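J.: sequence-free structure coming up:
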Ligand SMILES: Cc1cc2nc3c(=O)[nH]c(=O)nc-3n(C[C@H](O)[C@H](O)[C@H](O)COP(=O)(O)O)c2cc1C
């Protein structure tokens with residue numbers, strides 16, 4: 001199975017299944033010497049883990065991140081950073097009755113078509129459990145982004161028919177559904193519980209905003225920033241649609257409304273746009289405004305209601321799933337989506353730094369080339385004057401060697417060395433070469 005790798009510079013590989021002993025990840029491309037806060041990784045994992053409220057799966061997973069390589073004395077070493085998370089509360093027997101049954105909405109059928117084998121206990125690699133590894137990796141990425149002032153905020157905008165009316169970031173972590181609206185959160189919890197009692201599940205809309213995203217991230221063609229973000233977010237199980245900025249609403253907006261007008265802010269000395277319908281990306285490259293994106297999350301497939309389906313031989317069966325499932329995935333998708341956005345941003349930021357750095361080097365080299373050219377031209381000009389001096393000496397019948405003049409030049413060289421802080425040894429050597437050349441040239445002219 002391929003497709004377990006993500007990123008171009010800051011590269012993540014995840015592994016493991018929900019009913020194996022561990023899930024884990026390896027990050028390649030972490031710079032050395034960066035302090036990593038283990039507690040911050042744990043906090044992110046706690047935000048994703050099941051069993052945190054009555055509207056998510058009651059599975060009890062501690063989700064403890066064991067960093068087994070890549071960190072020494074609290075700092076990255078630059079070697080692959082590997083994190084393991086032990087699976088603790090799997091109850092594989094809950095799934096035995098599902099072995100030969102095609103579960104509607106589940107990955108099992110297409111896995112069987114592709115591989116001929118499927119770990120039916122919990123969904124294998126298609127399980128939401130895999131996203132714990134993304135969150136742990138994202139927590140590392142977020143720490144690197146924080147040092148650059150970049151902040152990622154995710155929240156639930158809608159669950160079923162209940163949408164938020166206000167957005168107050170301080171409310172997000174205060175309610176079980178991670179909604180930025182206290183009142184809407186109560187209604188969302190009620191909607192989920194009602195659906196659950198009826199043996200059903202609910203979908204929703206999750207919004208992610210990136211504050212202080214620098215301009216210049218993303219490449220213009222196949223690696224547009226929104227393409228990378230769409231890839232990252234659409235790779236999360238149960239995510240069915242992606243929008244950037246006004247997204248699908250743009251269909252009905254005239255250009256005169258959709259266009260974000262520019263202005264120059266003399267306060268922070270930066271260009272801005274008055275609106276942000278584009279969602280912070282123009283031509284595939286971030287423009288310095290907030291990044292705004294939304295994902296549609298489907299209702300979980302494992303529902304309490306009896307469903308009519310078939311087994312793997314085509315025989316009709318009635319399916320009662322059982323197990324401990326999420327009645328709505330949105331509250332747990334929020335930290336996963338934030339993590340995926342963090343991974344895209346750090347990857348693009350590191351790539352941009354490589355470009356800027358190589359740009360910087362090229363500029364500096366051009367400047368050195370200009371100075372070297374001037375030095376060579378001056379050296380050539382100096383030799384022309386030496387020939388003129390030799391002609392004068394010949395006319396006046398003077399010697400090539402003039403002790404007083406040489407002493408004067410030596411003193412001049414020492415003085416320059418002191419004044420300009422140039423290494424004396426280098427100045428002496430340079431002086432010797434120039435004087436030797438002068439002597440030779442004059443001798444040539446005089447004979
Ligand atoms: C955090 C998280 C938790 C999930 N929990 C469940 C669950 O309890 N029950 C379920 O049927 N699907 C759950 N899913 C969704 C499945 O992973 C996914 O929908 C399923 O494998 C089919 O893939 P698809 O929706 O991408 O087609 C969860 C997904 C995530 C990201």
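T.: Happy to help now that I have it. Just so you know, these numbers come straight off a predicted model, no measurement behind them.
J.: and residue 11, what's its pLDDT?
T.: You'll see residue 11 listed with a pLDDT of 97.
J.: surely it touches residue 27?
T.: Yes. Under the criterion of Cβ atoms under 8 Å, residue 11 makes contact with residue 27 at 6.9 Å. C-beta here means a position set from N, CA and C on the backbone, and glycine is covered the same way.
J.: give me the more crowded residue out of these two.
T.: residue 27 (24 against 17; other Cβ atoms under 10 Å).
J.: who does that one form a beta bridge with?
T.: Residues in a beta bridge with residue 27, per DSSP bridges, are residue 12, residue 81.
J.: who are the packing partners of the helix or strand hosting residue 317?
T.: In the assignment (DSSP states H and E), residue 317 maps to strand 316-319. For strand 316-319, the packing partners by 3 or more Cβ pairs under 8 Å, 6 or more residues apart in numbering; DSSP states H and E come out as strand 307-310.
J.: anything in the strand it packs on near the ligand?
T.: No. Strand 307-310 stays clear of the ligand (Cβ under 6 Å from any ligand atom), getting no nearer than 11.9 Å.
J.: mean confidence for that strand?
T.: On average, strand 307-310 scores 96.
J.: and it, what does it pack against?
T.: strand 316-319.
J.: now do the strand it packs on, average pLDDT.
T.: 95.
J.: what lines up beside it in the sheet?
T.: In the sheet, strand 316-319 lines up with strand 307-310 (antiparallel) (DSSP bridges).
J.: ok so, going back, and the helix or strand just after the strand holding residue 317, what does it pack against?
T.: Next helix or strand after strand 316-319 toward the C-terminus (DSSP H and E): helix 330-395. Applying 3+ Cβ pairs under 8 Å, 6+ apart, one finds that helix 330-395 contacts helix 38-48, helix 131-146, strand 151-159, strand 204-211, helix 225-234, strand 291-297, helix 424-446.
J.: the stretch 151-300 of the chain against the ligand: which residues are in contact?
T.: So the stretch 151-300 of the chain meets the ligand at 236-238, 298, 300 (Cβ under 6 Å from any ligand atom).
J.: including secondary structure and neighbour count, could those go into CSV?
T.: Formatted as CSV, these follow (DSSP: H, G, I helix; E, B strand; the rest coil; neighbours: other Cβ atoms under 10 Å):
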residue, secondary structure, neighbour count
236, coil, 20
237, coil, 20
238, coil, 22
298, coil, 16
300, coil, 21
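J.: all strands of the stretch 51-200 of the chain, in order?
T.: Assigned by DSSP state E, counting those that start in this stretch, the strands in the stretch 51-200 of the chain fall at 65-69, 71-72, 75-76, 81-86, 151-159, 162-163.
J.: where in the chain is pLDDT low?
T.: For the chain, applying pLDDT under 70 flags the ranges 90-95.
J.: returning to that earlier point: from the residues of the stretch 151-300 of the chain next to the ligand, pick the one nearest the ligand.
T.: Among these, residue 237 lies closest to the ligand (Cβ to the nearest ligand atom), at 2.7 Å.
J.: and the residue sitting furthest away from the middle of the chain, how close does it get to residue 446?
T.: In the chain, the greatest distance from the average C-alpha position (Cα atoms, centre = their mean) is reached by residue 397, at 76.6 Å. Noted for residue 397: a distance of 10 Å to residue 446, by Cβ to Cβ, to the nearest Å.
J.: what does residue 150 give?
T.: Separation of residue 150 from residue 446 (Cβ to Cβ): 71 Å.
J.: ok, residue 174 - how many residues close by?
T.: Neighbours around residue 174, by other Cβ under 10 Å: 12.
J.: neighbours of the residue nearest to it when sequence neighbours are not counted, how many?
T.: Closest residue in space to residue 174, ignoring its immediate chain neighbours: residue 182 at 7.4 Å, by Cβ to Cβ, 6 or more residues apart in numbering. Residue 182 sits with 14 neighbouring residues when counted by other Cβ under 10 Å.
J.: wait, isn't residue 182 in contact with residue 170?
T.: No. Using Cβ under 8 Å, residue 182 is not in contact with residue 170, being 9.8 Å away.
J.: would you mind measuring the gap between the ends of stretch 29-49?
T.: Stretch 29-49 stretches 27 Å from its first residue to its last (Cα to Cα, to the nearest Å).
J.: need the contact partners of it.
T.: Residues outside stretch 29-49 that contact it (Cβ atoms under 8 Å, 6 or more residues apart in numbering): 7, 9-11, 52, 61-65, 67, 70-71, 74-78, 80-81, 83, 85, 131-132, 135-136, 138-140, 142-144, 173, 332, 334-336, 339, 350.
J.: any idea how far that stretch is from the middle of the chain?
T.: Relative to its chain's centre, stretch 29-49 lies at 14 Å (Cα atoms, centre = their mean, to the nearest Å).
J.: can you point out the buried residues in that stretch?
T.: 29-30, 34, 36, 41-42, 44-45, 47-49 (16 or more other Cβ atoms under 10 Å).
J.: for stretch 315-323, same thing?
T.: Within stretch 315-323, the residues that count as buried by 16+ other Cβ under 10 Å are 319, 321.
J.: gap between it and the chain center?
T.: 41 Å.
J.: how about that stretch against the ligand, any contact?
T.: No. Shown here: stretch 315-323 not in contact with the ligand (Cβ under 6 Å from any ligand atom), separated by at least 7.8 Å.
J.: and the contacts of that stretch?
T.: Identification of contacts with stretch 315-323 by Cβ under 8 Å, 6+ apart yields 91, 94-95, 97-98, 101, 103-104, 122, 302-304, 306-311.
J.: please list only the buried members of the residues you listed.
T.: Those of the contacts of stretch 315-323 that meet the buried threshold are 95, 98, 101, 103, 122, 302-304, 307, by 16+ other Cβ under 10 Å.
J.: what is the most widely separated pair among these?
T.: Within those, 122 and 307 form the most distant pair, 18.0 Å apart (Cβ to Cβ).
J.: report the separation between residue 34 and the ligand.
T.: Relative to the ligand, residue 34 is positioned 28 Å away (Cβ to the nearest ligand atom, to the nearest Å).
J.: ugh, wrong one, residue 306
T.: Relative to the ligand, and taking Cβ to the nearest ligand atom, residue 306 is found at 16 Å.
J.: mind listing what that residue touches?
T.: Counting by Cβ under 8 Å, 6+ apart, residue 306 has contacts 199, 318-320.
J.: which of these sits closest to residue 418?
T.: Distances from residue 418 to these, taken by Cβ to Cβ, are shortest for residue 199, at 89.0 Å.
J.: how about the secondary structure of the spatially closest residue to the closest one that is not a sequence neighbour?
T.: Of all residues beyond its chain neighbours, the one nearest residue 199 is residue 304 (3.1 Å), with distances taken as Cβ to Cβ, 6+ apart. Following DSSP: H, G, I helix; E, B strand; the rest coil, the label given to residue 304 is coil.
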